[in-house]
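In: I would like to see how this sequence folds:
(2 chains)
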Amino acid sequence: MQRKAETQTIVRKKDNFSEWYSEILKRAKILDIRYPVKGVYVWYPYGYKVRNLVYGILRSLMDKEHEEVLFPLLIPKDELMKEKEHIKGFEDEVFWVTKGGSTELDIPLALRPTSETAIYPVFKVWIRSHRDLPLRIYQIVNTFRYETRHTRPLIRLREITSFKEAHTAHATRADAEEQVKKAVALYKSFFDQLAVPYVITRRPEWDKFPGAEYSIAFDTLMPDGRTMQIGTIHLLGESFARTFDIKYEDENGSLQFVNQTCYGISERCVASVIAIHGDDHGLVLPPTVAPIQVVIVPIVFSRKAGISNNGVESVSVEKACVAVYDELNEAGIRAFVDNSEDRPGAKYYRWEMKGVPLRIEIGPRDLKSNNCEFVRRDNTKRTHVPLSDVVPEVKRTLEGIQGDIHEAAKETLHANIYKNKSEDKMEMEELRRKAEHGIVSLFLCDRERCGQELEDQLGVSVLGKAVAVYEAEEKDKSEGECMICSRKAKRVYVARAY
RNA sequence: GGGGUUGUAGGGUAGCUUGGUCUAUCCUUCGGCGUUCGGGACGCCGAGACCUGAGUUCAAAUCUCAGCAACCCCA
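Out: Have a look, this model is predicted:
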């Protein structure tokens, strides 16, 4: 009986995160990586349910102030090439459709790497007057990028299957900047609901979105000590409006260019949930996005009617399970009764792998005392709960799990942000070590040369200046000397990045 | 971008050096039957693969080339 336990243990997350990650995707049935095209993968039904719950949260946040649309996948070459800065950032990664059947196309069609150049020509047509503004739309679509670096499921893809991109147009720059702030707040709320902690930075000039005035990014910390960008927000200003000639007539009857923003989130948000909360037994899903929030496991001795244990018939165990299921279902909780023929132990392992936040066991022993047993996925704590209190207790427990895993994740992130003091002339070698397993906050001036120099010396990427993440950071207006050139500098975050 | 390694059932392996009666093995795979059932049960029976294409050859899992894919190292 114990023989298997050893061999079935997966690679430990701490020892080899990369292997652990692909193992989990496979075993928890999130993604099938066996599709024979580089960098594209198949969502399993279970994984797709998680994805849809995650994007359901995002949708409901977006829908408050944006309208959902759907633009075409194909972009004609001349439109794609219009914005020079923009295309510079993407041209090496574009997939092209050059033939229709065996006929060479006059104008090659690009598979969208992102949709600015598909959407903005249409904005030109849609926007006529100040009354059309602000215009706020979003879509959730697949995008294609010919990645040459090592691809990774959900993280670096050639087909991003779930790109939520929002595009807004405003009358004034102030309005557009206001929208950037709203988008930051919206993304905060989104990642908070996923229990995924983040740092928010303003990307350095040399690393902003091609065509943007500035870019703000959300990064989270992965278990291998690298940061991963999980959301970006860009102030486009008038650059695209000038390129695509998007103008509106203001109250005085004169034509003005619109001010734009755009912001996006991809399925990396799903990857972050998996990577951050999972453990050596598998997935640990936040209740907000768990396809099954509660799994009910009947403990029965035989399916044959009439056979009893402790004087309790199996049939009544099953009935009790269904009764609990009905109550939960009615209360809007996603529950499931595992009636399969497997032994209870096998069921425990399976649902732990799939990250179900709460397991309820009901057996003859419990039934005699009118109880059931709760087992939390995150901390394996077991409690006895009267059958009459199941619904409120489940609600309380799920909230507890959601809060606890969020707190734990925040603590991990905090514990791995190392703040280098201005007067602390720490050796580069030591900073490099700090950056091995987290984020380093240090003083660096705005010049690209210094940024590149530091990136080379430390083997890191500059994430940028912290933007209002936690109260403490917001108030940190301290200045120091640039690590490289000793000029006046502000704090930036640096880390090894995905 | 450069270099290297690899591709055999759902997963893991062996076989390749030296082509032949080449398929085999294990499992946490799948199916059937039975006994089991409070932390991955067991028995029996059965299923399932040589990455794709071209070439060499009487003969290719094995040799050659190309493609595709995966992994590793360096930039």
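In: which residue is it, in chain A, that comes closest to RNA strand B?
Out: A:Gly363 (2.1 Å; CB to the nearest atom of the strand). All C-beta atoms are positioned from the backbone trio N, CA, C, and that covers glycine.
In: tell me the contacts of that residue?
Out: A:Pro298, A:Ile299, A:Val300, A:Val317 (CB atoms under 8 Å, 6 or more residues apart in numbering).
In: contacting residues for the third one?
Out: With contacts taken as CB under 8 Å, 6+ apart, A:Val300 has the following neighbours: A:Ser314, A:Val317, A:Glu318, A:Gly363.
In: same deal with the last one?
Out: Listed by CB under 8 Å, 6+ apart, the contact partners of A:Val317 are A:Pro298, A:Ile299, A:Val300, A:Ile362, A:Gly363, A:Pro364, A:Leu367.
In: quick check: buried residues in whatever helix or strand it lives in?
Out: Taking DSSP states H and E as the definition, A:Val317 sits inside helix A:314-330. By 16 or more other CB atoms under 10 Å, the buried positions in helix A:314-330 come out as A:Ser314, A:Val317, A:Glu318, A:Ala320, A:Cys321, A:Val324, A:Tyr325, A:Glu327, A:Leu328.
In: so where's chain A shaky on pLDDT?
Out: Flagging of chain A using pLDDT under 70 yields the residue ranges A:1-9, A:302-311, A:422-426, A:468-476.
In: and A:Arg112, how far from A:Gln139?
Out: 10 Å (CB to CB, to the nearest Å).
In: let me fix that: A:Arg131
Out: Taken as CB to CB, the span from A:Arg131 to A:Gln139 is 23 Å.
In: now for the residue most central in space within chain A: which residues touch it?
Out: Centroid check for chain A by CA atoms, centre = their mean gives A:Cys269 as the closest residue, at 1.0 Å. Going by CB under 8 Å, 6+ apart, A:Cys269 touches A:Val54, A:Leu58, A:Phe190, A:Phe191, A:Leu194, A:Val196, A:Ile230, A:Gly231.
In: and with 10 Å instead?
Out: A:51, A:54-55, A:57-58, A:154, A:162, A:164, A:187, A:190-191, A:194, A:196, A:218, A:220, A:228, A:230-231, A:289 (CB atoms under 10 Å, 6 or more residues apart in numbering).
In: in strands only, show me the residues you listed.
Out: Among these, DSSP state E puts A:Ser162, A:Lys164, A:Phe218, A:Thr220, A:Met228, A:Ile230, A:Gly231 in strands.
In: correct me, but the fourth one touches A:Ala409?
Out: Pointing back at A:Thr220 there. Yes - shown here, A:Thr220 and A:Ala409 form a contact pair, counting by CB atoms under 10 Å, at 8.6 Å.
In: looking at those two, which is more packed in?
Out: A:Thr220 (26 against 22; other CB atoms under 10 Å).
In: can you pull the contacts of the more buried one?
Out: Counting by CB under 10 Å, 6+ apart, A:Thr220 has contacts A:191, A:194, A:196-199, A:226-231, A:268-269, A:271-273, A:275-276, A:409, A:413, A:498.
In: try 6 Å
Out: A:Val196, A:Tyr198, A:Met228, A:Ile230, A:Ser272 (CB atoms under 6 Å, 6 or more residues apart in numbering).
In: can you turn the buried part of the residues you listed into a PyMOL selection?
Out: To isolate the buried ones among the contacts of A:Thr220 in PyMOL, judged by 16+ other CB under 10 Å, type:
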select buried, chain A and resi 196+198+228+230+272
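In: possible to save the contacts of A:Thr220 as a markdown table with distance to A:Asp63?
Out: Below are the contacts of A:Thr220 laid out as a markdown table (distance: CB to CB, whole Å):
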| residue | distance to A:Asp63 |
| --- | --- |
| A:Val196 | 21 |
| A:Tyr198 | 22 |
| A:Met228 | 26 |
| A:Ile230 | 21 |
| A:Ser272 | 23 |
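In: which residues touch stretch A:170-188?
Out: With CB under 6 Å, 6+ apart as the test, stretch A:170-188 has contacts from A:Leu61, A:His130, A:Leu133, A:Pro134, A:Thr168, A:Phe218, A:Gly231, A:Ile233, A:Leu235, A:Asn259, A:Thr261, A:Tyr263.
In: what of stretch A:338-351?
Out: Contact with stretch A:338-351 is made by A:Val295, A:Val297, A:Ile299, as judged by CB under 6 Å, 6+ apart.
In: 8 Å instead?
Out: Here stretch A:338-351 makes contact (CB under 8 Å, 6+ apart) with A:8, A:281, A:292, A:295-299, A:318, A:321, A:359, A:361, A:375.
In: which ones among those are found in strands?
Out: A:Val295, A:Ile296, A:Val297, A:Pro298, A:Arg359, A:Glu361, A:Val375.
In: and these, which two are furthest apart?
Out: The most widely separated members of those, counting by CB to CB, are A:Pro298 and A:Val375 (14.2 Å).
In: those two: which is more packed in?
Out: More neighbours surround A:Pro298 than the other of A:Pro298 and A:Val375, with 21 against 18 (other CB under 10 Å).
In: for the more buried one, give me its contacts.
Out: Going by CB under 8 Å, 6+ apart, A:Pro298 touches A:Ser314, A:Val317, A:Glu318, A:Ala320, A:Cys321, A:Val337, A:Asp338, A:Asn339, A:Ile362, A:Gly363.
In: can you give me the helices for the stretch 251-400 of chain A?
Out: For the stretch 251-400 of chain A, the helices defined by DSSP state H, counting those that start in this stretch cover A:268-277, A:314-330, A:344-353, A:364-368, A:390-415.
In: possible to save those helices as JSON lines with distance to A:Glu205?
Out: As requested, the helices of the stretch 251-400 of chain A are arranged in JSON lines below (distance: least, CB to CB, whole Å):
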{"stretch": "helix A:268-277", "distance to A:Glu205": "24"}
{"stretch": "helix A:314-330", "distance to A:Glu205": "53"}
{"stretch": "helix A:344-353", "distance to A:Glu205": "45"}
{"stretch": "helix A:364-368", "distance to A:Glu205": "63"}
{"stretch": "helix A:390-415", "distance to A:Glu205": "26"}
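In: just name the most buried of these.
Out: Across the helices of the stretch 251-400 of chain A, averaging neighbours per residue (mean count of other CB atoms under 10 Å) puts helix A:268-277 on top, at a mean of 25.
In: figure out how far it is from the centre of its chain.
Out: 6 Å (CA atoms, centre = their mean, to the nearest Å).
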